[in-house]
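[1] Predicted model and sequence follow; I will ask about them next.
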Amino acid sequence: MKVGRGTLRAWIQASRLPSQPYIALPLLLGQLLAVRMQGRALELGTLVGVQLFGVLDQLFIVYANDPPRLRHRHRAPR
């Protein structure tokens, strides 16, 4: 399979990057609430790990439900 600009563009569009803030904000608020309830300080490593998990989880769900539509699809024989 040839990889080109169109293929990369399809993957970027399929990843729905504008939806990331809708996931990042609740994760951050949940972390802040948990830290506050435990009386601890927010750890940078935990913050980064949770946010990274959120991004990867969202990408997995999006790609599993709606894979990018590539130009060069295999066509069924006629």
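    Perfect, thanks for sending it.
[2] Which helix in the chain has the most residues?
    For the chain, the helix that runs over the most residues, judged by DSSP state H, is helix 44-65.
[3] Check the offset of it from the chain's centre.
    5 Å (Cα atoms, centre = their mean, to the nearest Å).
[4] Give the buried residues for that helix.
    Gln51, Gly54, Gln58, Leu59, Val62 (16 or more other Cβ atoms under 10 Å). Every C-beta, even on glycine, is put in place using the N, C-alpha and C of the backbone.
[5] With distance to Trp11 and pLDDT as extra columns, can I get those in CSV?
    Putting the buried residues of helix 44-65 into CSV (distance: Cβ to Cβ, whole Å; pLDDT from 0 to 100) gives the following:
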residue, distance to Trp11, pLDDT
Gln51, 21, 93
Gly54, 19, 92
Gln58, 14, 89
Leu59, 10, 87
Val62, 10, 84
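[6] where does this structure have its least confident helix or strand?
    helix 5-14 (a mean of 76; mean pLDDT, DSSP states H and E).
[7] Now do the buried residues in it.
    Ala14.
[8] Could you do stretch 26-45 as well?
    Those would be Leu27, Gln31, for stretch 26-45 by 16+ other Cβ under 10 Å.
[9] quick one: the next helix or strand after the least confident helix or strand of the chain to helix 44-65, angle?
    Downstream of helix 5-14, the next assigned helix or strand under DSSP states H and E is helix 20-38. Orientation check (axes from the mean of the first three to the mean of the last three Cα atoms, to 10 degrees): helix 20-38 against helix 44-65 gives 140 degrees.
[10] what are the C-alpha coordinates of helix 20-38, in CSV please?
    The C-alpha coordinates for helix 20-38 follow below in CSV (Å, rounded to 0.1, in the frame of the first residue of the first chain):
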residue,chain,number,x,y,z
GLN,A,20,-9.7,16.3,22.5
PRO,A,21,-10.6,19.1,24.9
TYR,A,22,-14.0,17.4,25.6
ILE,A,23,-11.9,14.4,27.0
ALA,A,24,-9.0,16.3,28.6
LEU,A,25,-11.0,18.6,30.7
PRO,A,26,-13.1,16.0,32.6
LEU,A,27,-9.9,13.9,33.1
LEU,A,28,-8.2,17.0,34.6
LEU,A,29,-11.1,17.9,36.8
GLY,A,30,-11.3,14.3,38.0
GLN,A,31,-7.7,14.3,38.9
LEU,A,32,-8.0,17.6,40.7
LEU,A,33,-11.0,16.4,42.7
ALA,A,34,-9.2,13.2,43.7
VAL,A,35,-6.1,15.1,44.8
ARG,A,36,-8.2,17.5,46.8
MET,A,37,-10.1,14.8,48.5
GLN,A,38,-6.9,12.9,49.4
